[in-house]
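Visitor: curious how this folds, go ahead:
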Amino acid sequence: MGVALALVATACGCNKQGSGIPEVWPWDDPDADDAPWEEITDGRYGTLPAYVKIYHSPAKLKGAKAEAYIATVDLTQASWHVWGLRDPELDGSEDALKTPTQVYNAEGSPALVMNGGFFYVDSGTNYPASMAVENGELLSPNINYASEDWVTLYYPTKAAFIEHVNGKIEASWTYFSDMEHHYIYQTPAENGYGSTPQAVPGPSFPSEGALFEAKTAIGAGPVLIKDKQIRNTWRFECLPGDYDVNCLNPDPRTAIGVTADKKLVLFVCEGREMTEGVKGYSTENVAKILLEFGCTDAVNLDGGGSTCLLINGIETVQPTDGAQRSVGSCIYIK
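Guide: Next comes the predicted model:
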């Protein structure tokens, strides 16, 4: 969906031995009851670190044909990293977009690479539209405006998946005015296209804001899960028209989450009939899938043609562009 952003510029229960997979799956489709995610252990993706596990979806998820993968990373034994365009002031980047394979080659062949946040291109300049933080450095904040018609402007709080300096990991909403006025909120500003825009977020609106800090972070949206509750705040984040994310429609999706036992969860699903009958999922269904998998917090990332997960450099889902898209950020695990 990242390329669509060019239009903007003038988008649980008990776990089995800590594996992250719930013992009981509440499927919508009764024919799919008890269908497990398959842990891939046959070496088809080469040798992986012991702290990485790969799962392939059952034939059906949420009552629909599925082609999806989850990678889990034990964060008690490993770290996650972010590559992204450098644009801390939201005025355009001189960096080039990269495909996930280019990130894989540039970062020393990490075990996992997954596409990250939204981005757009205007007049030949690349712009990240989503947060990226690596090793405490803010590469880019979340974009701080939205509009359907470029007459009425909104100032939505946008989703971010954050690992704080103290090690806490959470999904939150953020707003960036400048480097001295950048806040994290535990609740979003309740904007929505067609309604009166909310006030510009600040230190005490939409709730008490914490000054932004992070060791590692990736943004996009919407927030899917917060504190074990499905939120799916696409409307408040002004996503459907703004970035053509199509949150209500089945599509290829990318998402990131964390479990209570500190497993990082990287999710991708195929869509748009790249595999016959596989249409993809709405953000609501992705939230349900990740909650059932054991995520306590999760954020939707850029999907559609941007969706890609590499395992030891090998593609999993088929890209809808027919080839990997060059994107503005990626997550990787060495």
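
Visitor: hmm, residue 68 is touching residue 58, no?
Guide: No - counting by C-beta atoms under 8 Å, residue 68 does not reach residue 58; the two are 9.1 Å apart. Bear in mind the C-beta positions are built from the backbone N, C-alpha and C, glycine included.

Visitor: so what's residue 333 up against?
Guide: Counting by C-beta atoms under 8 Å, 6 or more residues apart in numbering, residue 333 touches 52, 71, 73, 78-81, 110-112, 264.

Visitor: quick one, strands of the stretch 1-150 of the chain?
Guide: 38-39, 52-56, 60-61, 64-65, 68-74, 81-84, 112-115, 119-122, 125-128, 132-134, 137-140 (DSSP state E, counting those that start in this stretch).

Visitor: what's the mean pLDDT across the first one?
Guide: Model confidence over strand 38-39, given as mean pLDDT, is 96.

Visitor: and that strand, what does it pack against?
Guide: strand 52-56 (3 or more C-beta pairs under 8 Å, 6 or more residues apart in numbering; DSSP states H and E).

Visitor: one more: the fifth one?
Guide: Counting contacts by 3+ C-beta pairs under 8 Å, 6+ apart, the secondary-structure elements packed against strand 68-74 are strand 52-56, strand 112-115, strand 263-269, strand 309-311.

Visitor: which of residue 68 and residue 58 has more residues huddled nearby?
Guide: Taking other C-beta atoms under 10 Å, residue 68 and residue 58 do not tie; residue 68 has more neighbours (25 against 16).

Visitor: may I have the beta-bridge partners of that one?
Guide: For residue 68, the beta-bridge partners are residue 269 (DSSP bridges).

Visitor: tell me the contacts of residue 315?
Guide: Residue 315 touches 308-309, 324, counting by C-beta under 8 Å, 6+ apart.

Visitor: tabulate the helices and strands packed on strand 68-74 (a markdown table), appending mean neighbour count and mean pLDDT.
Guide: Shown next, in a markdown table, are the helices and strands packed on strand 68-74 (neighbours: other C-beta atoms under 10 Å; pLDDT from 0 to 100):
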| stretch | mean neighbour count | mean pLDDT |
| --- | --- | --- |
| strand 52-56 | 20 | 98 |
| strand 112-115 | 28 | 98 |
| strand 263-269 | 25 | 98 |
| strand 309-311 | 23 | 98 |
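
Visitor: okay, those strands in JSON lines with distance to residue 295 next?
Guide: Formatted as JSON lines, the helices and strands packed on strand 68-74 follow (distance: least, C-beta to C-beta, whole Å):
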{"stretch": "strand 52-56", "distance to residue 295": "13"}
{"stretch": "strand 112-115", "distance to residue 295": "15"}
{"stretch": "strand 263-269", "distance to residue 295": "6"}
{"stretch": "strand 309-311", "distance to residue 295": "16"}
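
Visitor: out of those strands, which comes closest to residue 222?
Guide: strand 263-269 (14.5 Å; C-beta to C-beta).

Visitor: for that closest one, packing partners?
Guide: Against strand 263-269 (3+ C-beta pairs under 8 Å, 6+ apart) you get strand 68-74, strand 112-115, strand 253-259, helix 283-293.

Visitor: chain center to it, what's the gap?
Guide: 9 Å (C-alpha atoms, centre = their mean, to the nearest Å).

Visitor: that strand vs strand 52-56, what angle?
Guide: 30 degrees (axes from the mean of the first three to the mean of the last three C-alpha atoms, to 10 degrees).

Visitor: now do strand 263-269 against strand 253-259, angle only.
Guide: Going by the same axes, to 10 degrees, strand 263-269 makes 160 degrees with strand 253-259.

Visitor: still on that earlier bit, which one, of the strands of the stretch 1-150 of the chain, ends up nearest to residue 232?
Guide: Taking the strands of the stretch 1-150 of the chain one by one with C-beta to C-beta, strand 60-61 is closest: 16.6 Å.
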